[in-house]
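S.K.: my questions concern the predicted model and sequence given below.
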Amino acid sequence: AGAPPGGGGEAADQASRATRGLMKVLEAPKDRMDAHSRVLALNGISACATRDDFLCIETVVAATKHEDPELRKAAARCLGSLKGRGDDVGRSAPRLARKLQPLLQDIDSAVREQVVRSLASVSTWRDEGSVISIAMAATKDTSTSVRRAAEDCLVELFDEDSTWEADSRLHLDSIRTALAEINVVLDPGLQEVLGLTKVS
């Protein structure tokens, strides 16, 4: 098994070189690289790149504007899969959320669903406030699958295995209200965490 992205020494160098090579696939002219090859490149970037690679992130964001919906979906999935390192995890989540937000207007519901699921992946207890408004907007989507993904995203913020931090608790009431508004059926453990006995 390979070392995780962001590891030290030779593994990190290899990951960086691989990322740069895959970026060239995404940056290739339209007539020189098909959409499927670009999707494969995005999948590779998900495994190699880290959240502090700003140049790579901008290349992936450019792919979210491609005409092929499968490529846009892959780009959204890639942004949600990038690994963070140390304190950068907290700082990078709001940045990635802002990159994902415009895709909630995508014409393809599968792309919008992936955007919401990626939001859940990038969020941490330090920055869930940056995700709430985006997820709440998605609960009003015309697609059932997107609305369900938004509900899942909000519930995942209260994963009982999450590490709570003092400043994160400031958002507790707003998320509790959000969950109640969309009538999420919570399991008993989550209900206890939120101080809810019934969601109406």
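M.R.: Right, received. Where do you want to start?
S.K.: residue ranges of the helices in this structure, please?
M.R.: 9-27, 35-48, 54-63, 69-81, 88-100, 109-122, 129-138, 144-156, 172-181, 188-194 (DSSP state H).
S.K.: tell me the buried residues in stretch 35-42?
M.R.: For stretch 35-42, burial by neighbour count (16 or more other Cβ atoms under 10 Å) applies to 35, 38-39, 41-42. (C-beta placed from N, C-alpha, C; glycine too.)
S.K.: neighbouring contacts of stretch 66-83?
M.R.: When contacts are defined by Cβ atoms under 8 Å, 6 or more residues apart in numbering, stretch 66-83 is touched by residues 4-6, 35, 38-39, 42-43, 45-47, 49-51, 53, 57, 60-61, 63-65, 92, 96, 99-100, 103, 106-108, 110-111, 114-115, 117-122.
S.K.: for stretch 19-27, same thing?
M.R.: Contacts for stretch 19-27 (Cβ under 8 Å, 6+ apart): 33, 37-38, 40-42, 44-45, 48-49, 53, 55-56, 59-60, 62-63.
S.K.: which of the residues in it are buried?
M.R.: Neighbour counts over stretch 19-27 (16+ other Cβ under 10 Å) mark 19, 22-23, 25-26 as buried.
S.K.: can you check stretch 141-152 too?
M.R.: Buried residues in stretch 141-152, counted by 16+ other Cβ under 10 Å: 141, 146-151.
S.K.: need the contact list for C56.
M.R.: Going by Cβ under 8 Å, 6+ apart, C56 touches 19, 23, 45, 49.
S.K.: could you rerun that using 10 Å?
M.R.: 16, 19-20, 22-23, 26, 45, 48-50, 78, 82 (Cβ atoms under 10 Å, 6 or more residues apart in numbering).
S.K.: any idea of the pLDDT on it?
M.R.: At C56, the pLDDT value in this model is 91.
S.K.: what does Q105 give?
M.R.: 93.
S.K.: show me the contacts for it.
M.R.: If you count contacts by Cβ under 10 Å, 6+ apart, then Q105 has 111-112, 115, 137 around it.
S.K.: tell me the most packed of those residues, by neighbour count.
M.R.: In terms of neighbours by other Cβ atoms under 10 Å, the contacts of Q105 top out with V115 at 32 neighbours.
S.K.: that one contacts I134, correct?
M.R.: Yes. With contact defined as Cβ atoms under 10 Å, V115 reaches I134; the gap is 8.4 Å.
S.K.: neighbours of the closest residue to K99 other than its chain neighbours, just the number please.
M.R.: Nearest residue to K99 in three dimensions, chain neighbours excluded: V61, at 5.2 Å (Cβ to Cβ, 6 or more residues apart in numbering). Neighbour count for V61, taken as other Cβ under 10 Å: 19.
S.K.: pull the number of nearby residues for S133.
M.R.: Applying other Cβ under 10 Å, I find that S133 has 13 neighbouring residues.
S.K.: now do it against S121, distance only.
M.R.: 17 Å (Cβ to Cβ, to the nearest Å).
S.K.: again with A47
M.R.: A47 sits 14 Å away from S121, going by Cβ to Cβ.
S.K.: before we move on, what about E10?
M.R.: 28 Å.
S.K.: thanks again, I'm all set now.
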